[in-house]
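Asker: curious how this folds, go ahead:
(one chain, ligands or ions: 2)
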Amino acid sequence: MELTTNQHVLDFVKKYVDLMKPDKVEWIDGSKKQLNALTKIAVSTGEIYKCNQKLLPGCLYHRTAVNDVARVEGRTFICSREQKNAGPTNNWMDPKEAYKKLDAIADGCMKGRTMYIIPFSMGKIGSPFAKYGIELTDSIYVVLNMAIMTRVSAKVLAKLKDSDDFVRGIHSKVTLDEENRYICQFPEDNTIYSLNSGYGGNVLLGKKCFALRIASYQGWKEGWMAEHMLILGVQKPDGDIKYITAAFPSACGKTNLAMLIPPETYTKKGYKVFTVGDDIAWIRRGKGGMLYAVNPENGFFGVAPGTNEKSNPNALATTKKDTIFTNVVYIPSTKTVWWEGLDKNPPKNALDWKGNKWHGGMVDADGKPVKGAHPNSRFTAPAKNCPCLSSEFENPKGVPISAIIFGGRRAKAAPLVYEARDWKHGVFVGSIMASETTAAAAGAVGVVRHDPMAMLPFCGYNMADYFQHWLDMGKKVKNKPKIFNVNWFRTDDEGNFLWPGFGDNMRVLDWIIQRCEDAVDAVETPIGYMPKPEDINLEGLDMSVEDLKKILDCDKKVWLAEAEDIENYYRTKFGDTLPKELYAELAKLKKNLRKRSM
Ligand code: SAT
Ligand code: MN
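Answerer: Numbers count the residues shown, from 1 in each chain. Ligands and ions are numbered 1, 2, ... in the order given. The predicted structure follows:
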């Protein structure tokens, strides 16, 4: 039964029903009953396995196609009317051409299938931040994931009334043909069109496609920001909570930082960390001349490998019920799951992410270890399962931000932490972010690439305009957050990490908060303010101040080379379109490097 009389919604649905020709159409109201019935169907066709309901109540297991395990940036397009609005960092397709091409692929693609119509909200329904969407899909896996990751409900349609202010999401698995896989965003039409994939970020259209690509464009037009950032709150012993957002590229530890458990030296004093979000922040101006952030999602789509009782006990606890596991190891005898780095007891008799027989310690013909879980295997878990979920998670006004952190995965160059001198310098620091690529996107892993604000794959418009938007936001906000850069991933010459990371990152957050409160001095260096080594609390850590100094240094030669690289990046990518303020910041960096000793 149709859940609305909104003519814009009905016209949209009809257009794609006529094109895709499903046998059946089903409106999703988000009820448990309906989701259970769909799960039953997916289990009967083998699309989904039910896990052990005693050990993992409500949990499901799914494998994607072997050729479909990550976002495909090369096949992701921003289809703005003018190419210049997609900018130099996005693939662009003319919208007319794109619709024509995709319609041809989609023609009749749902014959023999059911089309599910999912009304969903990004952000709490009815809140000032909320934006609504309707996703059409032929995948039950997508319906079940969307019901965890977003607020799926008939209430969305009630709120929408007869408005056409909703994002149109069209998805079909078609045949999962890689050559005809397209993830197209049409910012000017509020439309996303995704064909031939069944993997997370390509098909859960509320996530990267809407909450980042479309929303970043909306934010640019409407004066707010959509960022690839976690949001966390640090409660200090006096009860005051400081909120911090942090942008890192995919699979660089956002979920781990968001759910951090502080080391004992902090917990015994009464410090606590609360999670508001682990991937996306929508940021608006609010009371007291501050920026406020909400997490528009309702769940976590986290990387499974490496998640364990030590690295992230909160994430692990979050996945113990009502969670969907994708591309991890499945153990048929116990109907449970496993992944590399979960524990030291890999199963003896299991199936790997491809569905092949697999056991711990397995090697291939060349003696190389065979992984059981795909490196980008994931869990989809409801936010409300998270033991450290912030009580502000549902606050319709969001949380006030004291600090913004940028960070990447850099073996060398970037020090553990430094602070931007001011907002403009902070925008520069975000714009020069670079990070080693990970398994979250198809392609080579471990290659350093520029990834401004961790938004390279997610900015829905011209990145030069995006930088300008950041600069402009700074002009409009009186009590701006301070901006920092961190790097947890510095290594020695043998490739060993020099910083313990995980919970110990609290020591850096502590310094950051003290800086926000003007409670601690810093050293001015050519790249920004750095901590005095003795101001990073090392209590309870097997690390000397001398060791710490090694990751708090910044090598002048390395930074001069870095500055050259930035210059080259700016000039070749953006040329004259880059805001002048950023060239001015670069000139300042170079001057500082020449003038001052480090
Ligand atoms: O697959 S997703 O894009 O949702 C996850 C990620 O790459 O951050
Ligand atoms: Mn992400």
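Asker: the nearest residue to Phe166 once chain neighbours are set aside: what secondary structure?
Answerer: Sequence neighbours aside, Tyr132 is the residue nearest to Phe166 in space, at 4.5 Å (criterion: CB to CB, 6 or more residues apart in numbering). No exception for glycine: its C-beta is placed from N, CA and C like everyone else's. At Tyr132 the chain is in strand, as set by DSSP: H, G, I helix; E, B strand; the rest coil.
Asker: can you tell me how far Tyr132 is from Asn145?
Answerer: Noted for Tyr132: a distance of 18 Å to Asn145, by CB to CB, to the nearest Å.
Asker: same deal with Asn308?
Answerer: 23 Å.
Asker: which one's more surrounded, the two?
Answerer: Taking neighbours as other CB atoms under 10 Å, Asn308 and Asn145 compare with Asn145 leading, 25 against 16.
Asker: what sits up against the helix or strand where the more buried one lies?
Answerer: For Asn145, the host element (DSSP states H and E) is helix 140-149. If you take CB atoms under 8 Å, 6 or more residues apart in numbering as the criterion, helix 140-149 is touched by 28, 30, 35, 38-39, 41-42, 47-48, 60, 62, 116, 118, 120, 135, 137, 152, 171, 198, 200, 203-204, 206-207, 297-299, 301, 322-324, 380-382.
Asker: what do you get for stretch 331-348?
Answerer: 49-52, 55-56, 59, 61, 304-309, 311, 325, 328-330, 349-351, 359-361, 371-373, 377.
Asker: got a PyMOL select line for the buried ones in these?
Answerer: Command for PyMOL that selects the buried part of the contacts of stretch 331-348, burial taken from 16 or more other CB atoms under 10 Å:
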select buried, resi 49+51+56+59+61+304+305+306+307+308+311+325+328+329+330+350+351+360+371+372+373+377
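Asker: what's the next secondary structure element after the helix holding Asn145?
Answerer: strand 151-152.
Asker: domain ranges for the protein, per the record?
Answerer: Split into domains by automatic domain parsing, the chain comes to 7-30+75-222, 227-295+393-595, 300-385.
Asker: with mean pLDDT and distance to ligand 1 added, can I get these in a markdown table?
Answerer: As requested, these are arranged in a markdown table below (pLDDT from 0 to 100; distance: least, CB to the nearest ligand atom, whole Å):
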| stretch | mean pLDDT | distance to ligand 1 |
| --- | --- | --- |
| domain 7-30+75-222 | 98 | 2 |
| domain 227-295+393-595 | 96 | 3 |
| domain 300-385 | 97 | 5 |
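Asker: residues contacting Glu534?
Answerer: Contacts of Glu534 (CB under 8 Å, 6+ apart): Val545.
Asker: and it, how far is that from Val520?
Answerer: Taken as CB to CB, the span from Glu534 to Val520 is 10 Å.
Asker: what strand or helix carries the closest residue to Pro500 other than its chain neighbours?
Answerer: For Pro500, ignoring the flanking residues on the chain, the nearest one in space by CB to CB, 6+ apart is Leu541 at 6.8 Å. Counting by DSSP H and E, no helix or strand carries Leu541.
Asker: isn't Arg181 right up against Ser197?
Answerer: Yes. Contact status for Arg181 versus Ser197: in contact at 5.3 Å, counting by CB atoms under 8 Å.
Asker: between the two, who's got more neighbours?
Answerer: Ser197 (29 against 23).
Asker: centre-most residue in this structure?
Answerer: The centre of the chain sits closest to Asp279, judged by CA atoms, centre = their mean, with a distance of 3.5 Å.
Asker: near ligand 2, anything from stretch 206-224?
Answerer: No. If you take CB under 5 Å from the ion as the test, stretch 206-224 misses ligand 2, and the best it gets is 6.9 Å.
Asker: reformat the domains of the chain as a markdown table; add distance to Met1.
Answerer: Compiled in a markdown table, these are given as follows (distance: least, CB to CB, whole Å):
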| stretch | distance to Met1 |
| --- | --- |
| domain 7-30+75-222 | 7 |
| domain 227-295+393-595 | 30 |
| domain 300-385 | 27 |
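Asker: let me see the ranges of the helices in the stretch 351-500 of the chain.
Answerer: Per DSSP state H, counting those that start in this stretch, the stretch 351-500 of the chain carries helices over the ranges 423-431, 463-476.
Asker: backbone dihedrals for Gly233, please?
Answerer: Dihedral pair for Gly233: phi -120, psi 130, per degrees, to the nearest 10.
Asker: please disregard the earlier target; I meant Ile231.
Answerer: phi -130, psi 130.
Asker: which parts of this structure sit against ligand 2?
Answerer: Near ligand 2, when you scan the chain using CB under 5 Å from the ion, you find Ser250, Asp279.
Asker: hang on, the earlier thing: among the helices of the stretch 351-500 of the chain, which is nearest Glu73?
Answerer: helix 463-476 (14.1 Å; CB to CB).
Asker: now the angle from the top helix by length along the chain to helix 423-431?
Answerer: The residue-count maximum for a helix in the chain (DSSP state H) belongs to helix 580-595. In terms of direction (axes from the mean of the first three to the mean of the last three CA atoms, to 10 degrees), helix 580-595 departs from helix 423-431 by 90 degrees.
Asker: what's helix 580-595 packed up against?
Answerer: Applying 3 or more CB pairs under 8 Å, 6 or more residues apart in numbering; DSSP states H and E, we find helix 580-595 packed against helix 423-431, helix 556-569.
Asker: deepest-packed of the ones you listed, please.
Answerer: Of the helices and strands packed on helix 580-595, the one with the most neighbours on average (mean count of other CB atoms under 10 Å) is helix 423-431, at a mean of 24.
Asker: report the contact partners of the nearest residue to Val303 once chain neighbours are set aside.
Answerer: Leaving aside its chain neighbours, Val303 sits nearest to Ala251 (5.2 Å; criterion: CB to CB, 6+ apart). With contact set as CB under 8 Å, 6+ apart, Ala251 has these partners: Val303, Asn376, Thr438, Ala439, Ala440.
Asker: recalculate using a threshold of 6 Å.
Answerer: Counting by CB atoms under 6 Å, 6 or more residues apart in numbering, Ala251 touches Val303, Thr438, Ala440.
Asker: Lys482 - how many residues pack around it?
Answerer: 21.
Asker: who does it form a beta bridge with?
Answerer: Counting by DSSP bridges, Lys482 forms beta bridges with Ala403.
Asker: my guess is it meets Ala403, correct?
Answerer: Yes. Using CB atoms under 6 Å, Lys482 is in contact with Ala403, at 5.1 Å.
Asker: shared neighbours, the two?
Answerer: Cys516.
Asker: my guess is Leu60 meets Asn52, correct?
Answerer: No. Judged on CB under 6 Å, Leu60 makes no contact with Asn52 at a distance of 11.3 Å.
Asker: shared neighbours of these two, anything?
Answerer: Taking CB under 6 Å, 6+ apart as the contact rule, Leu60 and Asn52 touch no residue in common.
Asker: identify the spatial nearest neighbour of the residue of the stretch 101-250 of the chain at minimum distance from ligand 2, chain neighbours not counted.
Answerer: Distances between the stretch 101-250 of the chain and ligand 2 by CB to the ion are smallest at Ser250, namely 4.4 Å. Leaving out its chain neighbours, the residue that sits closest to Ser250 by CB to CB, 6+ apart is Ala440, at 3.4 Å.
Asker: that neighbour is in contact with Phe248, isn't it?
Answerer: No. Ala440 lies out of contact with Phe248 (CB under 6 Å); the separation is 11.0 Å.
Asker: and Asp238, how many neighbours?
Answerer: Asp238 - counted by other CB under 10 Å - has 6 other residues nearby.
Asker: just confirm it is within a strand.
Answerer: No. Applying three-state DSSP, one finds Asp238 to be coil, outside a strand.
Asker: A helix includes Asp103, no?
Answerer: Yes. Using three-state DSSP, the assignment for Asp103 is a helix.
Asker: Three-state assignment for the residue nearest to Val303, please.
Answerer: Applying three-state DSSP: Ala251 is coil.
Asker: do a quick rundown of the strands in the stretch 251-400 of the chain.
Answerer: For the stretch 251-400 of the chain, applying DSSP state E, counting those that start in this stretch gives strands covering 272-277, 281-286, 290-294, 299-303, 324-326, 329-331, 336-338, 350-351, 357-358, 378-382, 399-407.
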